[in-house]
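**Student:** build the 3D model from these lines:
(4 chains)
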There are 2 protein chains.
Amino acid sequence: MSTDPSDDPRSAAIEQLKRFGLSTYAARTFVALQSLGTGTAKDVSGVSDVPRTRVYDAIDELHERGLVDVQQSSPKEFWAISAETTRGMFEQEMDHRLSVLSGALEELEPAHRSEEQQGVWTVNGRSAVTDRVIEFVQEADDEIVYMTVEGLLTDDVIDALGTAAQRGVTISLGGVSSDVQDRIEEDIPGAELFDSLWVWSDTPAGRLLMVDGAQTLVSVLVNGDDVPPTDPRSETAIWGAGETNSLVVVLRAIFTWKLGDAEPPT
Amino acid sequence: MSTDPSDDPRSAAIEQLKRFGLSTYAARTFVALQSLGTGTAKDVSGVSDVPRTRVYDAIDELHERGLVDVQQSSPKEFWAISAETTRGMFEQEMDHRLSVLSGALEELEPAHRSEEQQGVWTVNGRSAVTDRVIEFVQEADDEIVYMTVEGLLTDDVIDALGTAAQRGVTISLGGVSSDVQDRIEEDIPGAELFDSLWVWSDTPAGRLLMVDGAQTLVSVLVNGDDVPPTDPRSETAIWGAGETNSLVVVLRAIFTWKLGDAEPPT
DNA sequence: CTTTTTGTGATTAACTGAGTGAAATTTTGG
DNA sequence: CCAAAATTTCACTCAGTTAATCACAAAAAG
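**Tutor:** Below you'll find the predicted structure:
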């Protein structure tokens, strides 16, 4: 609020640079140089609130990272790389770090994951919930039942469903308004569309997913205490896995009944 | 050396997670959970050296970020998302932060950059040098002279040269062994290849670039004090811009003389 | 009902990093 | 060539953050 990116590009940039691992002085110095293009320690100190005597350390840090070039004269002059080059620089570093991380994590990952579970797990945040949905959809073998409200049927979910459909998975999709039905029929040919099962519209409804009758997820849109309802963080979900998981059992019963499926509950 | 990623995926992962903004406890906890798949505070504390009573705070942090799901029971159980999902999570966050950063920086960037310069700038590190080379090549209008040693003629540089060639820029390329010449002729049709100008091979040679007779760069491969010669960091360059820049004047003189160009030195 | 385990909160210690100032070096002007 | 001013480097203090420990409340297990 106090630092809206568009309001004050300075603080926004400084904030991000710090989070990318620069010290406060280095971040401030770089931003100052960015607007100056070129300048001495004095110039930098003038527009950046960095003590002049500390500008040199900051420059060292930046020079090491390749973000600033230095002119060996007295007074020394400093030159910041372009915004575009900066982006490329960090992009590369992040790519690298991501590879290291995921490589290491994969080595640690145990063989078996998320088979039979007793309890029910909770997830916070829309993107985390979406991730979980996609994960489950990707693991589907036979059948997917997915009920959702308009806004939450995003492209990535549709993609995952489409891929599953091609794999031969039966897909039942509920809660979709007629506007979007055309698109769905195009992207997911085999999908069977059904209407919302119950009083779905006036509640803070989210999504409802069942995969192979053994993995289920339910989400709601919370009018959080400090979070506006439009905020992506305002979605919370619970999920459970395994034939005998309580959440799974309940949802399977409901769906089997309502959709009039052939399979009887176990 | 003490923490080779492949030697110890644990510390490598923890290191990266911390750099991505997690606290030490959160990082350790996540890594522990990653190898456990699922576990209680006690379990986590056992394998991670995190005090048991602090595991809960760490989990809070991770749950906020969507990296861990929680089971509301007693004892609470925790579940870490898969390595793949973790990567996706951070990838998305980094993408976003990069956009914010480069957006803010572009707003700050002054109109004019790197026109006439008096001094000579220094750059450290191979990637930074390469960036500068590409930047200059992209700004070329008339003529590029580029002399380099084999290993430093990477794909991205070739791409940039190719683009410039299509723009109608004359390209002279030196120091390329006959092996690579075929490839060059294919990628950069108009390029004129010439042999190394002088005793180029036994020196710690790097590259030598001149653009439009007004922008030049010279690099050497330093056998750094603490840096092995193969290390990408071991390249250092100086560059200067402007018709009257001293480095530019010297190099232009040499090239004009050696290549027998029509243009006389100013 | 007692004992053990689990979860929450408060408190202390250690450390990193921002900020300050003095000393050494270099430049500039006489 | 010398003196004054500025530039640069270095050492130190202080504050804020975070790791770590401890004490206590709540809940399960026996």
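**Student:** check what pLDDT residue A:211 gets.
**Tutor:** We have a pLDDT of 93 for residue A:211.
**Student:** list the contacts of it.
**Tutor:** Counting by CB atoms under 8 Å, 6 or more residues apart in numbering or on different chains, residue A:211 touches A:136, A:137, A:139, A:140, A:143, A:144. Where C-beta positions appear, they are placed from N, C-alpha and C, glycine not excepted.
**Student:** quick check: buried residues in the strand or helix carrying the second one?
**Tutor:** Following DSSP states H and E, the helix or strand that holds residue A:137 is helix A:126-138. By neighbour count on 16 or more other CB atoms under 10 Å in any protein chain shown, the buried set for helix A:126-138 is A:126, A:127, A:128, A:129, A:130, A:131, A:132, A:133, A:134, A:135, A:136, A:137.
**Student:** same question for stretch A:22-29.
**Tutor:** Going by 16+ other CB under 10 Å, stretch A:22-29 has these buried residues: A:22, A:25, A:26, A:27, A:28, A:29.
**Student:** quick check: closest non-adjacent residue to the fourth one.
**Tutor:** Spatial nearest neighbour of residue A:27, excluding adjacent residues (CB to CB, 6 or more residues apart in numbering or on different chains): residue A:17 at 3.8 Å.
**Student:** pretty sure that neighbour is in a helix, no?
**Tutor:** Yes - when DSSP: H, G, I helix; E, B strand; the rest coil is applied, residue A:17 is found to be in a helix.
**Student:** re the thing from before, and which of the contacts of residue A:211 is nearest residue A:236?
**Tutor:** Within these, proximity to residue A:236 (CB to CB) peaks at residue A:136, which comes in at 16.6 Å.
**Student:** what's near enough to touch residue A:64?
**Tutor:** By CB under 8 Å, 6+ apart, the contact list for residue A:64 reads B:124, B:125.
**Student:** err, residue A:71, not the other one
**Tutor:** Each residue near residue A:71 by CB under 8 Å, 6+ apart is listed here: A:77, A:78, A:79, B:119, B:120, B:121, B:122.
**Student:** specify the beta-bridge partners of it.
**Tutor:** On the basis of DSSP bridges, residue A:71 is bridged to residue A:77, residue B:121.
**Student:** how about the residues of chain A near DNA strand C?
**Tutor:** Applying CB under 7 Å from any atom of the strand, we find that chain A lies next to DNA strand C at A:23, A:24, A:25, A:49, A:50, A:51, A:53, A:54, A:73, A:74.
**Student:** Three-state assignment for the residue of the stretch 151-266 of chain A found nearest chain B, please.
**Tutor:** Relative to chain B, the nearest point of the stretch 151-266 of chain A is residue A:239 (7.6 Å; CB to the nearest CB). Taken by three-state DSSP, the conformation at residue A:239 corresponds to strand.
**Student:** any idea how far the residue nearest to it when sequence neighbours are not counted is from DNA strand C?
**Tutor:** Computed as CB to CB, 6+ apart, the closest residue to residue A:239 that is not its neighbour in sequence is residue A:217, at 4.0 Å. Going from residue A:217 to DNA strand C by CB to the nearest atom of the strand, to the nearest Å gives 23 Å.
**Student:** residues making contact with whichever helix or strand residue A:217 is part of?
**Tutor:** For residue A:217, the host element (DSSP H and E) is strand A:215-221. Outside strand A:215-221, the residues that touch it by CB under 8 Å, 6+ apart are A:123, A:129, A:132-133, A:136, A:139, A:152, A:203-210, A:229, A:234-242, A:245, A:247-248, A:251-252.
**Student:** helices of chain A, start to end?
**Tutor:** For chain A, the helices defined by DSSP state H occupy A:9-19, A:24-36, A:41-48, A:55-64, A:83-108, A:126-138, A:155-166, A:178-187, A:246-259.
**Student:** just those: most buried one?
**Tutor:** Of all those, helix A:24-36 has the most neighbours on average by mean count of other CB atoms under 10 Å in any protein chain shown, namely a mean of 24.
**Student:** and the residue nearest the centre of chain A?
**Tutor:** residue A:127 (4.3 Å; CA atoms, centre = their mean).
**Student:** tell me what the residue lying closest to residue A:139 once chain neighbours are set aside is bridged to.
**Tutor:** Nearest non-adjacent residue to residue A:139, counting by CB to CB, 6+ apart: residue A:211, 6.8 Å away. In this entry, residue A:211 is beta-bridged to residue A:144, residue A:215, by DSSP bridges.
**Student:** before we move on, back to that, and the contacts of residue A:71, which is the shakiest by pLDDT?
**Tutor:** Among the contacts of residue A:71, residue B:119 carries the lowest pLDDT, at 78.
**Student:** related to what we said a few turns ago, my guess is the residue nearest to residue A:27 contacts residue A:31. True?
**Tutor:** Yes - at 7.2 Å, residue A:17 and residue A:31 qualify as touching, with contact defined as CB atoms under 8 Å.
**Student:** what's the separation between residue A:76 and residue A:32?
**Tutor:** 15 Å (CB to CB, to the nearest Å).
**Student:** how about residue A:155?
**Tutor:** Distance, residue A:155 to residue A:32, using CB to CB: 40 Å.
**Student:** save the helices of chain A as CSV, and put in mean pLDDT too.
**Tutor:** Shown next, in CSV, are those (pLDDT from 0 to 100):
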stretch, mean pLDDT
helix A:9-19, 89
helix A:24-36, 90
helix A:41-48, 86
helix A:55-64, 90
helix A:83-108, 91
helix A:126-138, 91
helix A:155-166, 91
helix A:178-187, 79
helix A:246-259, 80
